[in-house]
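Q: got a predicted structure here, sequence first:
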Amino acid sequence: MDKKIVKEIIPECARKFSFGKYRYYIFNKPDLVFSDNHKMELFEFTAKLIQETFEKEDQSYFRSRKNYFGDIDQYWLVLDKGGEAVGFCGVKKLCYEGRDAIYLDTVNIAREHQGNGIASIMVCLTWLLNSISSRSFVPFAMRTQNPAVYKSIIRMVEPNVIPEIDYVCERKVRQRIYGFARYVAEMMSKGAEVDYDEETSVCRSAYGRNLYRKGFRFSSEDSVTRYFDAVLNRDAGDTMMVVVWPRVTPYRFLRMLALMVPRSVPVPMLKSSRSSQA
């Protein structure tokens, strides 16, 4: 995306967080905040980044979501130190059994910037800010065909996380976690028949197709990758429902996140600057 467009999109009053060499901007109610032209530019940037990440020309699944900014409540945009847009995250706010929750609707980072902890920081900041806003630790969910996403989540938080790979969730919250997963699956189906397998936490045929190119190599061979490969039929559009029911403090969450950032990346104090809410 052209840097001039980026400068137009991000006003001086935008809420910004600096972490290492990246700047994270959050926009609440993006459908109202952005102009039609800026929404078009951002949608194209988002679609192209998804296409690059998934290594697949056909991204009709995302491009069919013409009201993407109307479907989400928050949009994160990440810039590098040169002002280049390198990542994004969409967030939908939910309420489950009277408790605030969030759904992470697409998270993508440019390939040359992957491995720097950007996605993990966005997830962390999203969870932290929404937890502060609701005055409780909000659970969150996301869907993915990539085992690396699950592994990045499990490194940041202690269980309870589903699917339960190599461990078992606490009994006292297990039923609520799977209930929340089904709730999200039904919400994302938009009225279509839901085929959520609680035993494996797989949403059958949710995408209608494999989002990645054929032969895409996901990650090194381990128990998580083997589990995903065993239970997902990606060609049929299956996706994994990942749910986190936090039981860690925000401080510990940030501390664990800081330990995840590669040693080669400088990690200064987390700073926030805002003159008014974007």
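A: Yes, it's here.

Q: who's in contact with Asp238?
A: Contact analysis of Asp238 by CB atoms under 8 Å, 6 or more residues apart in numbering lists 145, 202-207, 231-232. All C-beta spots, glycine's among them, are computed from the backbone N, C-alpha and C.

Q: need those residues in a markdown table (columns: pLDDT).
A: Output for the contacts of Asp238, formatted as a markdown table (pLDDT from 0 to 100):
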| residue | pLDDT |
| --- | --- |
| Gln145 | 90 |
| Val202 | 95 |
| Cys203 | 94 |
| Arg204 | 92 |
| Ser205 | 88 |
| Ala206 | 86 |
| Tyr207 | 83 |
| Val231 | 95 |
| Leu232 | 93 |
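
Q: out of these, which is most surrounded?
A: Cys203 (24 neighbours; other CB atoms under 10 Å).

Q: now go through the contacts of Asp238 and say which are in strands.
A: Those of the contacts of Asp238 mapping onto strands are 202-203, per DSSP state E.

Q: let me know the helix or strand that the nearest residue to Glu186 once chain neighbours are set aside is in.
A: Distances taken as CB to CB, 6 or more residues apart in numbering place Val194 nearest to Glu186, at 5.1 Å, with adjacent residues excluded. Following DSSP states H and E, one finds Val194 outside all helices and strands.

Q: tell me the average confidence for the one helix or strand Ile50 maps to?
A: If you go by DSSP H and E, Ile50 is part of helix 36-54. Per-residue pLDDT over helix 36-54 has a mean of 86.

Q: give the bridge partners for the residue lying closest to Leu79 once chain neighbours are set aside, please.
A: Excluding its sequence neighbours, the residue lying closest to Leu79 (CB to CB, 6+ apart) is Arg23, at 4.8 Å. Under DSSP bridges, the beta-bridge partners of Arg23 are Ser18, Leu79.

Q: hmm, back to that, got the contacts of Asp238 as JSON lines, with distance to Val224 columns?
A: Output for the contacts of Asp238, formatted as JSON lines (distance: CB to CB, whole Å):
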{"residue": "Gln145", "distance to Val224": "13"}
{"residue": "Val202", "distance to Val224": "14"}
{"residue": "Cys203", "distance to Val224": "18"}
{"residue": "Arg204", "distance to Val224": "20"}
{"residue": "Ser205", "distance to Val224": "22"}
{"residue": "Ala206", "distance to Val224": "20"}
{"residue": "Tyr207", "distance to Val224": "20"}
{"residue": "Val231", "distance to Val224": "11"}
{"residue": "Leu232", "distance to Val224": "12"}
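
Q: once you drop chain neighbours, what's closest to Val224?
A: Pro147 (4.7 Å).

Q: now that neighbour, what are its backbone angles?
A: With angles defined as degrees, to the nearest 10, Pro147 sits at phi -60, psi -20.

Q: so Arg150 is in which element?
A: Just so we're on the same page, residue 150 is Tyr rather than Arg. helix 147-156.

Q: just the helices in the stretch 1-150 of the chain please.
A: For the stretch 1-150 of the chain, helices defined by DSSP state H, counting those that start in this stretch occupy the ranges 3-9, 30-33, 36-54, 60-63, 68-71, 118-134, 147-156.

Q: hey, least reliable of these by pLDDT?
A: The minimum mean pLDDT among the helices of the stretch 1-150 of the chain belongs to helix 60-63 (a mean of 66).
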